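Chemist: Next comes the sequence, and after it the predicted model I'd like to discuss.
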Amino acid sequence: MPKIILNDLYKGRLMLALLLIATLSILIPNLSQAVTQVKDYQSGKAQFDLSINSKSIPYNIFFHSVMPEQSLHLKSSRQQLSSRIQINEQWQTLSWNKGGLKWKAPKAPGLYTLETTDVETGHQISVSVFVLRPATEMKNGVLNGYKIGEYPKPLKGLPSYAAPKGFIEVTKENMDTKITPHFTLGQFLCKQPSGFPKYMVLQQNLLENLENLLTDVNRKGIRADSFVIMSGYRTPAYNKAIGNVANSRHVYGDASDIFIDTLANGRMDDINGDGKVNEKDALRLYELANNPETHDHRDDLVGGIGVYKPNAVRGPFVHVDVRGTKARWGI
């Protein structure tokens, strides 16, 4: 008799569980798909704490910009770390002392890869260090043959609208460099036609915000390995040529126009699942971008979010920037 009662209890619980799953499947049709997608997606979050010049490095792949001969100060709470940096295809070992490390950037602009490993766990953080080409080298708005144009006076005198002091030098060899787990340097290049080298401005907070948003998108069951960056950095010259406002956040390297295109057809996917591609898909992406959780409730990740409807030459998209103050439009 006890055995029969136990089996009945088990069957009852099993039926209840199946009923719950069936109910959830009706309410959330993509539940099983979303769970699979979440498991498949890797955020690439750093496995130990590391900061460079007081900026926390949030991912196991990240980047940092520095002026020539400026010092980098690395800090961590981990006890056993080893670091090395690649200069002219040669690796040089850097020494930690009491949780800190100091390295002086060379005078020559370019890409220098800095790798730091937690000896105890084997976890690694790779930082692409871009030594900037100084803006003082520009002549008549041209830097090393690349047309940049003139930056406008800072809007209302705000520091966030100040002209950059230097530019990342982009070459054929480094444009495919991963600067975060899901984005490459070349994705953010200005669209103006030119040869190499090209130059750009790119802010760390923008990439951190985009990575946070991408993680949230995947959590919601929309599988995407990256966003299409329809427009990232714009030189003031290009920005003027397309008729945009002079103080666009794009010229300061902290704005991107994005959409999701897993089908590689050049247009936004049907991310809301209604069988159509229109502004409702951009609104869905806007809703996710507007979630305070995406910004980790941090003021330095707050900025503008705008929705753009499709037109004859492009699909819908969302503008995201980290200007430091909240701005919303297009909804």
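Modeler: On my side now, so go ahead.
Chemist: Just say helix, strand or coil for the residue sitting nearest the centre point of the chain.
Modeler: The centroid of the chain falls nearest to residue 207 when counting by CA atoms, centre = their mean (2.5 Å). Reducing the assignment at residue 207 to three states with DSSP: H, G, I helix; E, B strand; the rest coil gives helix.
Chemist: Specify the residue ranges that define each domain of the protein.
Modeler: With domains defined by automatic domain parsing, the chain comprises 2-40, 44-131, 135-329.
Chemist: In terms of mean pLDDT, which of those ranks lowest?
Modeler: With a mean of 50, domain 2-40 has the lowest mean pLDDT of those.
Chemist: Just list the residues touching residue 171, thanks.
Modeler: Going by CB atoms under 8 Å, 6 or more residues apart in numbering, residue 171 touches 196, 197. C-beta coordinates here come from the backbone N, C-alpha and C atoms, glycine included.
Chemist: meant to ask about residue 328, not that
Modeler: 290, 304, 305, 306.
Chemist: Next one: the nearest residue to the third one once chain neighbours are set aside from residue 166, what distance?
Modeler: Ranked by CB to CB, 6 or more residues apart in numbering and with sequence neighbours excluded, the top spatial neighbour of residue 305 is residue 289, at 5.0 Å. Note on residue 289: its distance to residue 166, by CB to CB, to the nearest Å, is 29 Å.
Chemist: same deal with residue 238?
Modeler: Shown here: residue 238 relative to residue 166, a distance of 19 Å by CB to CB.
Chemist: Now for the residue nearest to residue 305, how many residues are close by?
Modeler: The number of residues packed around residue 289, counting by other CB atoms under 10 Å, is 23.
Chemist: re earlier: from the contacts of residue 328, which is closest to residue 85?
Modeler: Checking the contacts of residue 328 against residue 85 by CB to CB gives residue 304 as the nearest, at 35.7 Å.
Chemist: picking that back up, return the most buried member of the domains of the chain.
Modeler: Per residue and on average, the most neighbours among the domains of the chain fall to domain 135-329, with a mean of 18 (mean count of other CB atoms under 10 Å).
Chemist: Quick check: end-to-end length of that one?
Modeler: Start-to-end span of domain 135-329 (CA to CA, to the nearest Å) is 33 Å.
Chemist: And it, how far out from the chain middle?
Modeler: Chain-centre distance of domain 135-329: 9 Å, with CA atoms, centre = their mean, to the nearest Å.
Chemist: returning to what we had before: make JSON lines out of the contacts of residue 328 and add distance to residue 91 and secondary structure.
Modeler: Shown next, in JSON lines, are the contacts of residue 328 (distance: CB to CB, whole Å; DSSP: H, G, I helix; E, B strand; the rest coil):
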{"residue": "290", "distance to residue 91": "43", "secondary structure": "coil"}
{"residue": "304", "distance to residue 91": "41", "secondary structure": "strand"}
{"residue": "305", "distance to residue 91": "42", "secondary structure": "strand"}
{"residue": "306", "distance to residue 91": "44", "secondary structure": "strand"}
